[in-house]
Structures are given as structure tokens and as C-alpha cells.
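# Provided below are the primary sequence and the corresponding predicted coordinates.
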Amino acid sequence: MTFASESTRLLQLQDDHRPALITETGTISFGQLRRRIAETRARLLALGVRPGLRVALSFPNSADILYLAYALCDIGAAIVPLHPSTPPAFVTRILGFLGVSHFIVPKDSGLLRLKLTCPIVSLEQLMTLPPQSAYEPPPPAPDDIAVLITTSGTTADPKFVPITQRNFATIIDATRAILAPMSDFDRGCSFIMVFPLSSSGIFPTMAQLALGSTYVLTDDVSPHNFLSLIQQHQLDGMQCPPAYLETLVRFPVENYNVCSITRLNSGSDFVPNKLIWALKKKFKNLEHIGIGYGLAETSAIIATWNAHGEKDFDTPTHCYRICNPADNQIKIIGASGAVDTGEKGEICIRGNSVIPGYFQNPELTAQMFDAEGWLHTGDVGTLNDDGTLMLQGRHKFTIKRGGRSISPKSVESALEEHPGVARAVAVGVPQELFGEMIWAFITKAPGATLTVGDINAFCRETLPAYLKPDNIVFMEKLPRTKGVGKIDYAQLKQIGAQKLNEMLGENYG
Amino acid sequence: MADPITWKPFQDAVASHLGMDTDAVQETTDIYKDLGLDSLGVVSLGMKLYAVFKIKVPMSAVSQIFTLGDMFRIINDHASE
């Protein structure tokens, strides 16, 4: 199966007049969406875009990038989405490395002035071309690259993740899984999202749109605009990364009518149960929540946490249920091979969602994939008899204290049970005797007056000795990575090391 | 070099750090059983007290510390170092 054939088939099923996209300039029906995709496809062919070429796009969240993406996918060209804030020098480097054939941007983009070896075309220029009808490309094959995602690796160089047409097609099923049993999503539920479309955020949007959801698109993701759009269009659901949800719970949501919101999809980072309850206070009718676990290398989510009503809101959010529509296989590997059910180890995945390897990077591919094709995710977890996957954090952020490997999640979840704690993050700070000390960085719940002593007293009651934080630091705000704003564990480790040095001086041994 | 400390500021520092009533910080308080710390926890408590009093609890002394009274004595034994 290919995403091109499946998304075209699904889009054809949608009623002509039903709204597909709501933008600042108006509403686009599914009939109009299909026509715009076809018009864009004909112009891309006129421009010389052909199967197998790589075409970069850098757009704000708008209908235009979706027309282009569906059209490129249908032609069989690979989409290279680049966030509009990508620095020009970085754009030049990436496009050169990937051998991009065309770079398409909005007419007001500063990137039009770049000196590149490939043509830079504004969307407006593209759409003035006479449509090409003489050449009709063959249907894309499942192994053709549909999208090339740029992700930051652990080194200074980015890595490029090729999502094939087969991989991309699995996202449709994964999208169904995260929405299930919101079985009425295909009746035309409406969503607002804040994930950037010029990133892997485009996958679930294209899949869910094909399944019949209506999307409100905006590039102004300020909470005021976000909530105003929910109020104006009486939207059913929202799709936001956890960092954005934390912003929302600190905002006076009560000043807006958001009673239409019943659904929430999130992912890309851990969502504490406490955050879900805090959202429920703000969005009174919130019932259906889907949180996905996946990596760029798995194209889509491979496991979900779903809640349908308050009865489920206390189910630990790091305990996911494997959704396996793509026949993916999951196993857990310890130091000496596969471990038994319930034992901790590295999560490994293979199957239709998993990429064939990194783009032009056999060394990294050999490092991340074993001979049998298993992707070693670098995430630590346990696989349980009941089909749940308990995620325990990134392997590289596992804390090694006194010879024990400690999952940051086990410390964080316990600390977040304290009513005064909004968010807790545990990292290992290197120290000669300990290997690593457990440092907990904590943000307080609004109005809470917590002390280090309060936390230590709480830990005395709730945690075994080896999981108790060796040091506690309160922060106003936790550092987050760029993009969707994941907790920046690496920076917290650095802050810890610096503070430890300040606390003890260099001569403490 | 730092001056020896008296019991009261030691008691206050430990109570404040561990979230205990000052009265509950006794010389006989067992660090392992009553406070639920492990040996590395003793080291981290020593580090915290160092940050307050600038007196180091040597790693070699950790094996001799079982109670808060032991910790207090070891700190004062090393006050002049």
C-alpha cells in the first residue's frame, strides 16, 4: 500500500461540500481541496517535478503546504519540509546535501533570495505555469521515499529520516488508533493543531484530513488566538505538544467558551497525569484523550495512551497500549539479549512503520538497526503480558547511580504525586563516587509553597532509598528544546553539573 | 578551614533539608532506618551540610556514620582540616 493511493481513495470518499480546512481567508471544502491538489499537481509536473526527485517546502501552517504535499506525494516526489525559522545557512547546507531539485516557498519568504544550486520557486510563480497534461507519472511504489524529515541527532550534524510511501500509509491506521474509539471522528470532527506542518507534524494532519476531519489552520499559535478560534468555530478537538498544554493551563481559559472541546491528541513528549487533570479543569467537557508514542524513525505512533472520561485519567500516562495496525513487532532487549515479559530493557521495533534506514548514512543505519532489521530506539521500557508498553525514558538519560540503572520516569512519577509539584524531571549529574547523582528539577503548582524539606519528607514516605533525589532544585520554568518543546534533559544535566560544582567547589573529592 | 559547629545549627540545617521537625532530629536518629537513606544518601546529606557549614565529610568516614550524632561528630572532627 502507498500513502498516495490510500489518501487519494479516502479523500474521494469525503463529501464535496463538507469543510476540510478553515483558514484565516476562508473555508475550503473537500471538493475544493481535491481540485486544489489536482491543480497544484499539474503545475508541479509543468515545473519539471518528477518521481524520485526531492522537493523542499518551507511554509507557515497554511492550506498551501497541504496542497503541495498531497500533490508531491501523488507524483512520487519526496517532500523535504523545512521549518520557516530554519537559518538560511542551514537551509543551504541541507538542500545541498539532499540534492533537492526544487525549493518552493511563499512569495514573501526571505529564503527566495538564497543562492542555491536548485531553483527557488514561489508558490505564486508555480501556480502561473500552464498545467502539464502530456506527462503522467506512474503510481508511486511502496518503497519510494515520500518524505525526508530532518531531525537533530546527538551530534552537530542533522540526520535525515526517509519516510517511504509504505511507512506513510501506516500513519493512516495509526491515526485511526489514536482516535479510537472516538469512532465518530469520520463524521467530520473539527480539530485545531499547533504542530508545525513544515515538519513531521504534517503526517498526522494529512492522514487525519484524508480520514475526514476538518482542520483549522493558523500560524498564530498564541493561546489567545488558539482559544478564540475554538470559541469561534466550536471545535471538537485540539492537537498540541505537552509544552503547549502546559502554557494553556496557566492561561485564563475560562475567559473563552471552550465547552465544545471534547478531544485532545498529544505526543512527542511525556504528558503527566497531573497535566491532564489540570486541562480538565480548564476544558470541562474534555473526555477523549489520545497520546502517541513513536519516533521519526517509526514514521508514526506505535503505541497510544487513551482515555475516555475521568475514570481513565489516573491511568499512568507512561503506560501505553501497543497499536499494531501496521504489523509492527516490538521486543525489549537487555544486556544479554531479549528479556522476559515485564523486564526492563531497550525498546526495539521493526515492521511496516519503520524506515528502511537513514538517508545516505550507512554508519548511522548500522548503529541504529541490527542485522535482523530491528530499530534500537534508545528508549527504555517494559513489555507486559497485557499488551502494554511501559515507557521509562531515554536510554541515554537513564541515571546510573551507585551501580544501579534508574529510570528518570520512576523518580518523576513519584515526585509528581505531591500536590505541590507541577512537574518534576530527574537527571543524572556525574559525580565520582556516585557515578551519577539523582537531581530532581521541580516546578511548583500555582500557589504552592514548597521547600526542599517538604519534598524530602514526601520522598521518605514514598520512595526507596536508591530512588530518592540526592538534590532538589526548584525552577520557575523547565528548559525545553526548540521545535515542539520537549524537556531538555541534556541542558538540565549541564545545569546540575554546574550547580554541583558551585555547591562543593572544585576541591571536593 | 572552618570553626566547629554546635548542635543547634546542625539540627536546624538537617531538619530544614530533610523536612523534619527540629525536635525529631536527634543524635540517635538512625540515618538508614529512620531517614530511609542509603550510603550514597549519606554522602549527599554530607554535601548539603558542606554547602552550609563548609566542613567536608570525607568519603572515607561515611562507613562510620549511622546516626545523625555520628554525622555531627565527624563534621566537627574535620572542622579544622
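It's in.
# Any idea how many residues pack against the residue in chain B positioned nearest to chain A?
Sorted by distance to chain A under CB to the nearest CB, the residues of chain B start with residue B:19, at 3.0 Å. C-beta: built from backbone N, CA, C; applies to glycine. Using other CB atoms under 10 Å in any protein chain shown, residue B:19 has 17 neighbouring residues.
# so what's it up against?
Residues counted as contacts of residue B:19 (CB atoms under 8 Å, 6 or more residues apart in numbering or on different chains) are A:451-458, A:460.
# Could you do residue A:62 as well?
Contacts for residue A:62 (CB under 8 Å, 6+ apart) come out as A:23, A:106, A:197, A:217, A:219.
# May I see these organised as CSV, with secondary structure and distance to residue A:476 added?
Shown next, in CSV, are the contacts of residue A:62 (DSSP: H, G, I helix; E, B strand; the rest coil; distance: CB to CB, whole Å):
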residue, secondary structure, distance to residue A:476
A:23, strand, 36
A:106, coil, 37
A:197, coil, 31
A:217, coil, 32
A:219, coil, 28
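# Provide a PyMOL selection command restricted to the buried entries of the residues you listed.
The following PyMOL selection, which keeps only the buried ones among the contacts of residue A:62, applies the criterion 16 or more other CB atoms under 10 Å in any protein chain shown:
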select buried, chain A and resi 23+106+197+217
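# Rebuild the contacts of residue A:62 as CSV, extending it with pLDDT and distance to residue A:47.
Below are the contacts of residue A:62 laid out as CSV (pLDDT from 0 to 100; distance: CB to CB, whole Å):
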residue, pLDDT, distance to residue A:47
A:23, 94, 24
A:106, 96, 16
A:197, 91, 21
A:217, 95, 24
A:219, 86, 25
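# May I see the contacts of residue A:62 organised as a markdown table, with distance to residue A:338 added?
Written out in a markdown table, the entries for those read as follows (distance: CB to CB, whole Å):
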| residue | distance to residue A:338 |
| --- | --- |
| A:23 | 49 |
| A:106 | 50 |
| A:197 | 39 |
| A:217 | 44 |
| A:219 | 46 |
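# Tell me the one of the contacts of residue A:62 nearest residue A:425?
Closest approach between the contacts of residue A:62 and residue A:425, by CB to CB: residue A:197, at 28.9 Å.
# so that closest one makes contact with residue A:64?
No: here residue A:197 does not reach residue A:64: they are 9.6 Å apart, not a contact under CB atoms under 8 Å.
# In contact with residue A:273, which residues?
Counting by CB under 8 Å, 6+ apart, the residues that residue A:273 touches are A:313-317, A:416.
# mind checking pLDDT for it?
Reading off the confidence values, residue A:273 has pLDDT 91.
# any idea how far residue A:135 lies from residue A:393?
Counting by CB to CB, to the nearest Å, the separation of residue A:135 from residue A:393 is 50 Å.
# Looking at the two, which one has more neighbours?
In this view residue A:135 and residue A:393 are compared by other CB under 10 Å, and residue A:393 has more residues nearby, 23 against 9.
# For the chain, give me the ranges with low pLDDT.
Going with chain A. Residue ranges of chain A with pLDDT under 70: A:152-157, A:180-188, A:325, A:483, A:505-509.
# Chain B, not that one
B:1, B:81.
# Just the helices from it, written as ranges.
Listed in chain order, the helices of chain B (DSSP state H) span B:7-18, B:39-53, B:68-77.
# Can I get the second one in CSV, CA atoms only?
The C-alpha trace of helix B:39-53 is given here as CSV (Å, rounded to 0.1, in the frame of the first residue of the first chain):
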residue,chain,number,x,y,z
SER,B,39,25.1,5.1,51.9
LEU,B,40,25.1,7.5,48.9
GLY,B,41,22.3,9.4,50.5
VAL,B,42,24.6,9.9,53.5
VAL,B,43,27.1,11.3,51.1
SER,B,44,24.6,13.7,49.6
LEU,B,45,23.4,14.8,53.0
GLY,B,46,27.1,15.4,53.8
MET,B,47,27.4,17.5,50.6
LYS,B,48,24.4,19.6,51.6
LEU,B,49,25.8,20.2,55.1
TYR,B,50,29.1,21.1,53.5
ALA,B,51,27.3,23.8,51.4
VAL,B,52,26.0,25.2,54.7
PHE,B,53,29.0,24.8,57.1
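# and that helix, does that touch chain A?
Yes: residues of helix B:39-53 are located near chain A by CB under 8 Å from any CB of the partner chain, namely B:39-41, B:43-44, B:47-48, B:50-51.
# Narrow those residues to just the buried residues.
Neighbour counting with 16+ other CB under 10 Å marks B:40-41, B:43-44, B:47-48, B:50-51 as buried within the residues of helix B:39-53 next to chain A.
# so can I have TSV of the residues you listed showing distance to residue A:273?
What follows is those, written out as TSV (distance: CB to CB, whole Å):
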residue	distance to residue A:273
B:40	29
B:41	28
B:43	33
B:44	28
B:47	32
B:48	30
B:50	37
B:51	34
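# middle-most residue in the chain, spatially?
With no chain named, the answer covers chain A. The centroid of chain A falls nearest to residue A:268 when counting by CA atoms, centre = their mean (3.7 Å).
# That was the other one, I meant chain B.
Compute the mean C-alpha point of chain B, and by CA atoms, centre = their mean the closest residue is residue B:71, 4.1 Å away.
# Distance-wise, check the closest residue to it other than its chain neighbours relative to residue A:403.
Once flanking residues are discounted, residue B:71 sits nearest to residue B:65: 5.2 Å by CB to CB, 6 or more residues apart in numbering or on different chains. Here the distance between residue B:65 and residue A:403 works out to 20 Å (CB to CB).
# The longest helix anywhere in chain A packs against which elements?
Scanning chain A for the longest helix, with DSSP H as the assignment, gives helix A:30-47. For helix A:30-47, the packing partners by 3 or more CB pairs under 8 Å, 6 or more residues apart in numbering or on different chains; DSSP states H and E come out as helix A:3-13, strand A:19-23, helix A:63-75, helix A:123-128.
# Save these as JSON lines, and put in distance to chain B too.
Output for the helices and strands packed on helix A:30-47, formatted as JSON lines (distance: least, CB to the nearest CB, whole Å):
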{"stretch": "helix A:3-13", "distance to chain B": "51"}
{"stretch": "strand A:19-23", "distance to chain B": "52"}
{"stretch": "helix A:63-75", "distance to chain B": "51"}
{"stretch": "helix A:123-128", "distance to chain B": "58"}
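# Could you give the number of residues near the residue nearest to residue B:71?
A total of 22 residues lie near residue B:65 under the criterion other CB under 10 Å.
# Repeat that for the one 5 residues further on.
Using other CB under 10 Å, residue B:70 has 18 neighbouring residues.
# sorry, back to before: show me the two of the buried ones among the residues of helix B:39-53 next to chain A that sit farthest apart.
B:40 and B:51 (16.7 Å).
# Separate out the buried members of the contacts of residue B:19.
Of the members of those, the ones counted as buried by neighbours, 16+ other CB under 10 Å, are A:452-458, A:460.
# Quick check: residues of chain A near chain B?
Taking CB under 8 Å from any CB as the criterion, the neighbours of chain B within chain A are A:401-402, A:433-434, A:437, A:451-458, A:460, A:464-466, A:468, A:470-471, A:503-504, A:508-509.
# So which of these belong to strands?
Of the positions in the residues of chain A next to chain B, A:401, A:437, A:471 sit in strands, assigned by DSSP state E.
# Compute the number of surrounding residues for the first one.
If you count neighbours by other CB under 10 Å, residue A:401 ends up with 21.
# now swap in residue B:79 and tell me
15.
# what residues does chain B put near chain A?
Residues of chain B found near chain A, taking CB under 8 Å from any CB as the criterion, are B:15-20, B:32, B:35-41, B:43-44, B:47-48, B:50-51, B:56, B:59.
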